[in-house]
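need a structure here:
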Amino acid sequence: MRWSVTIGSFKGTAVRIHVTFLLLLGWIGFAAYQRGGAIAARDSVLFIVAIFFCVVLHEFGHILTARRYGIVSREITLLPIGGVADMERMPDKPGQELLIALAGPAVNLVIAVGLILFLGAIDLSDAVEIGDPSVNLLKRLAAVNIFLAAFNLIPAFPMDGGRVLRAALSIWMGKERATRIAAQIGQGFAFLLGFLGLFGNPLLLFIAIFVYIAAAGEAQMTSMSEAARGLKAADAMETRIAVIDRGATVREAIDILLATSQDEFPVVDASGRLSGFLSRSNIVEALQGSDPGAPIAPFMRREPATIGVGESIDAALPKLTGGEAVGVVDADGRLLGLLTRQSLAEIMMIKEARPDWRFSPRDDSPPTVA
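Okay, here's the model as predicted:
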């Protein structure tokens with residue numbers, strides 16, 4: 001995720017902090033300093049750091065459980081609204097998803113029980129005063145972990161409870177319909193949070209926007225995954241595409257850009273192998289910063305995402321939903337076509353119109369240059 005820095009890693013998963021989280025710490029520290037001086041600022045920042053350490057443990061509960069089923073997470077990013085684990089996919093079996101979803105809240109409950117046992121007992125009237133620095137930090141942290149477990153079990157996306165609900169519904173009605181129902185509940189919950197945020201709590205508005213977008217994104221991702229199930233890259237790739245030669249100039253790239261409405265342009269070498277991608281903005285940036293006769297290659301995005309022509313397109317879905325194009329290549333790495341969000345959306349429309357539609361295989365001919 002952009003605007004984030006890595007602070008460490010555990011078992012191959014990087015822990016990153018987004019710059020907005022650092023701004024949150026600064027704002028909380030400054031506000032506490034104005035109220036109670038340096039000691040209050042220190043205690044407030046320490047409490048927030050402790051909470052987010054528990055959030056990291058929560059996310060690792062999901063990650064380590066998912067790893068048992070071969071699902072890898074490359075990083076966790078800490079945001080002001082919590083932690084986001086970048087899992088490559090979710091399992092197809094409802095039982096596995098159920099265990100992964102419950103693992104995070106279970107970690108919070110274990111932390112809360114551990115703190116309560118350590119303290120001997122806690123006075124609930126004190127523990128609920130989470131924002132009061134005069135209350136023991138560990139008591140407040142125990143209360144926060146109970147709250148995190150309960151909040152995340154709300155049956156609405158993107159909370160863990162939404163995934164629990166989807167896993168349960170998937171047993172009876174299939175994953176796509178179950179996701180649609182859980183996402184609709186999540187969006188309804190987002191509207192409720194937004195309404196409450198109008199009464200003087202702007203953070204709730206921010207959380208509501210995130211919940212709404214995440215719920216819609218989850219529904220879209222699942223619909224794409226179901227539409228792509230069983231399809232090979234050859235079934236969905238675009239072949240009538242414009243490509244740019246690696247040795248082309250900025251002027252030649254501009255001519256190709258003006259001749260098509262394509263958003264992503266593959267850059268190929270003399271043998272037709274994919275070297276990178278140029279977006280329309282990349283080409284315009286090259287025109288602004290270089291002579292029209294200068295080479296275009298330095299402006300391309302290197303290490304392009306690729307998929308074999310005979311491979312299932314499931315592996316390309318994370319890249320496609322992120323807005324990136326994926327090159328379809330043969331065994332020798334030569335470009336045969338492109339997978340884009342638009343091509344996948346067209347597959348979805350065709351399958352919705354005719355669920356029994358069968359896609360015929362294509363030959364391994366190179367792309368037609370527009």
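
Counting neighbours, what do you get for A167?
Counted with other CB atoms under 10 Å, residues neighbouring A167 total 24. All C-beta spots, glycine's among them, are computed from the backbone N, C-alpha and C.

Over to V15?
18.

Using PDB, write out every CA atom in the helix or strand containing it.
If you go by DSSP states H and E, V15 is part of strand 13-18. Presented in PDB, the C-alpha positions along strand 13-18 are these (Å, rounded to 0.1, in the frame of the first residue of the first chain):
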ATOM      1  CA  THR A  13       4.600 -11.200   6.500                       C
ATOM      2  CA  ALA A  14       5.800  -7.600   6.600                       C
ATOM      3  CA  VAL A  15       4.200  -5.200   9.100                       C
ATOM      4  CA  ARG A  16       3.700  -1.700   7.600                       C
ATOM      5  CA  ILE A  17       2.500   1.600   9.100                       C
ATOM      6  CA  HIS A  18       0.500   4.000   6.900                       C
END
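
who does it pair up with?
Strand 13-18 has its sheet partners listed here by DSSP bridges as strand 4-10 (antiparallel), strand 73-79 (parallel).

hmm, who's touching the first one?
Yep, that's strand 4-10 we're talking about. Contacting residues not belonging to strand 4-10 are listed as 14-19, 60, 75, 77 [CB atoms under 8 Å, 6 or more residues apart in numbering].

Which of those residues are buried, as a ChimeraX select command?
Per 16 or more other CB atoms under 10 Å, the buried members of the contacts of strand 4-10 correspond to this ChimeraX selection:
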select :14,15,16,17,18,60,75,77
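
for the strands paired with strand 13-18, which one ends up most surrounded?
Mean neighbours per residue, mean count of other CB atoms under 10 Å, is largest over the strands paired with strand 13-18 for strand 73-79, with a mean of 20.

what's the farthest-apart pair in the contacts of strand 4-10?
The span of the contacts of strand 4-10, defined through CB to CB, is set by V19 and F60 at 22.5 Å.

just how off-centre is stretch 77-86 within its chain?
10 Å (CA atoms, centre = their mean, to the nearest Å).

ugh, wrong one, I meant stretch 104-117
27 Å.

Now do the contacts for the residue nearest to A316 when sequence neighbours are not counted.
Leaving aside its chain neighbours, A316 sits nearest to V326 (4.4 Å; criterion: CB to CB, 6 or more residues apart in numbering). Applying CB under 8 Å, 6+ apart, we find V326 in contact with 304-307, 316, 319-320, 338-340.

And the contacts of stretch 260-276?
Counting by CB under 8 Å, 6+ apart, residues outside stretch 260-276 touching it are 241-247, 253, 256-257, 277-280, 283, 296-297, 300-304, 306, 324-325, 327, 329, 332-335, 338, 340, 366-367, 370.

Work out the gap between it and the centre of the chain.
With CA atoms, centre = their mean, you get 27 Å for stretch 260-276.

got it, and stretch 94-114?
Relative to its chain's centre, stretch 94-114 lies at 20 Å (CA atoms, centre = their mean).

repeat for stretch 275-293
Relative to its chain's centre, stretch 275-293 lies at 28 Å (CA atoms, centre = their mean).

Same check on stretch 58-70?
Relative to its chain's centre, stretch 58-70 lies at 16 Å (CA atoms, centre = their mean).

cool, and stretch 166-183?
Centre-to-centre, stretch 166-183 and its host chain are 20 Å apart (CA atoms, centre = their mean).

tell me which residues of that stretch are tucked away?
By neighbour count on 16+ other CB under 10 Å, the buried set for stretch 166-183 is 166-167, 169-170, 175, 178-183.

State the mean pLDDT of it.
Regarding stretch 166-183, the rounded mean pLDDT is 83.

Endpoint to endpoint, that stretch covers what distance?
From its first residue to its last, stretch 166-183 covers 9 Å (CA to CA, to the nearest Å).

Give me every residue in contact with that stretch, excluding its own residues.
Residues outside stretch 166-183 that contact it (CB under 8 Å, 6+ apart) are 92, 94-95, 97-98, 101, 155-157, 162-163, 165, 215-216, 218-219, 222-223, 226.

just stretch 17-30 next, same as before
1, 3-5, 7, 41-42, 44-45, 48-49, 52, 77-80.

what does stretch 282-289 rub up against?
Here stretch 282-289 makes contact (CB under 8 Å, 6+ apart) with 250, 253-254, 257, 265, 294, 296, 299-301.

List the buried residues for that stretch?
Buried residues in stretch 282-289, counted by 16+ other CB under 10 Å: 282-283, 286-287.

is it possible to export those residues to JSON lines including secondary structure?
Output for those, formatted as JSON lines (DSSP: H, G, I helix; E, B strand; the rest coil):
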{"residue": "N282", "secondary structure": "helix"}
{"residue": "I283", "secondary structure": "helix"}
{"residue": "A286", "secondary structure": "helix"}
{"residue": "L287", "secondary structure": "helix"}
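
now, which of these sits nearest R68?
Nearest to R68 out of the buried residues of stretch 282-289 is N282 (CB to CB; 40.8 Å).

Quick check, pLDDT for that closest one.
N282 is given a pLDDT of 91.

ok, now G247?
92.

what is the closest residue to G333 other than its chain neighbours paired to in the beta sheet?
Distances taken as CB to CB, 6+ apart put R273 closest to G333, at 4.5 Å, once the chain neighbours are dropped. On the basis of DSSP bridges, R273 is bridged to R334.

I am finished for the moment; much appreciated.
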